[in-house]
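> Got a predicted model here, sequence first, then my questions.
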Amino acid sequence: MMIEHDFFGAIETDESGGLYWSESVEVGDQNVDVSLSAPGGENLSPDALDTAAGVISSLEGLDIRAREAMLSDVDDRNSDVTQFIEQTLEEVGDDLVDMLVDHSGDNDVDIIRSLQLIRVGIAPHQAGESAPFASFEFAFDPDNSDLALVVYLSIRGESVGIELLS
């Protein structure tokens, strides 16, 4: 079975009725893997796919919001953002300066600005105010490190969590 949508076109469904769509989307000067998925049996609101399409159309602005959420966690020494920065500094060592895209003198800020958005996942069935509607996965050196930070945004584009992946 398949669902048709103006933005996504034909969205495949699996045997349980789950939806899945994926594509590479240009965000700024890089390609980002974007996927949409919803498990079978979940009721999607009529506007959920339209909202998901809006997320994809607004990736650059939402990327900025996700980075702002990371910056707000920098002062919390126990946060996943701080742990990510500390582990990144250990991994790259003296090569850090050459890898930064901006040099403000504040390593924490410069690392967050230098992160690459590598993947965005959209869960249109997660439409609650504090539910993770979209996940933005960032990496500093994705070719040489498994470290990543995932920022979860609500349907309103507000941060509802940040997770360190290693």
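Received, thanks. Numbering: from 1, shown residues only.
> Can you give me the end-to-end span of stretch 103-116?
From the first residue to the last, stretch 103-116 extends over 16 Å; the measure is C-alpha to C-alpha, to the nearest Å.
> do stretch 10-18 as well
For stretch 10-18, the first and last residues are 13 Å from each other (C-alpha to C-alpha).
> which residues touch the residue nearest to the spatial centre of the chain?
Centrality entry for the chain: nearest residue to the mean C-alpha point is residue 136, 0.4 Å, by C-alpha atoms, centre = their mean. For residue 136, the set of contacting residues under the criterion of C-beta atoms under 8 Å, 6 or more residues apart in numbering consists of 62, 63, 66, 117, 119, 120, 150, 151, 152, 153. C-beta coordinates here come from the backbone N, C-alpha and C atoms, glycine included.
> Quick check: the third one touching residue 137?
In this case it means residue 66. No: using C-beta atoms under 8 Å as the test, residue 66 is too far from residue 137 to be in contact (9.6 Å).
> Common neighbours of these two, please.
Residues touching both residue 66 and residue 137 (C-beta under 8 Å, 6+ apart) are residue 117.
> between the two, who's got more neighbours?
Remark: of residue 66 and residue 137, residue 66 carries more neighbours, 28 against 21, as counted by other C-beta atoms under 10 Å.
> Contacts only, for the more buried one.
Taking C-beta under 8 Å, 6+ apart as the contact definition, residue 66 lies against 117, 136, 138, 151, 153, 159.
> so where's the protein uncertain?
1, 41-43, 45-46 (pLDDT under 70).
> all strands for it, in order.
Assignment of strands within the chain using DSSP state E yields the ranges 2-5, 9-13, 19-27, 30-38, 116-122, 134-139, 148-153, 159-165.
> among the ones you listed, which is nearest residue 80?
Between residue 80 and these, the tightest spacing by C-beta to C-beta is seen for strand 159-165, at 3.8 Å.
> could you give the angle of that closest one to strand 148-153?
Orientation of strand 159-165 against strand 148-153 (axes from the mean of the first three to the mean of the last three C-alpha atoms, to 10 degrees) gives an angle of 160 degrees.
> tell me which residues of strand 159-165 are tucked away?
Neighbour-count burial for strand 159-165 flags 159, 160, 162 (criterion: 16 or more other C-beta atoms under 10 Å).
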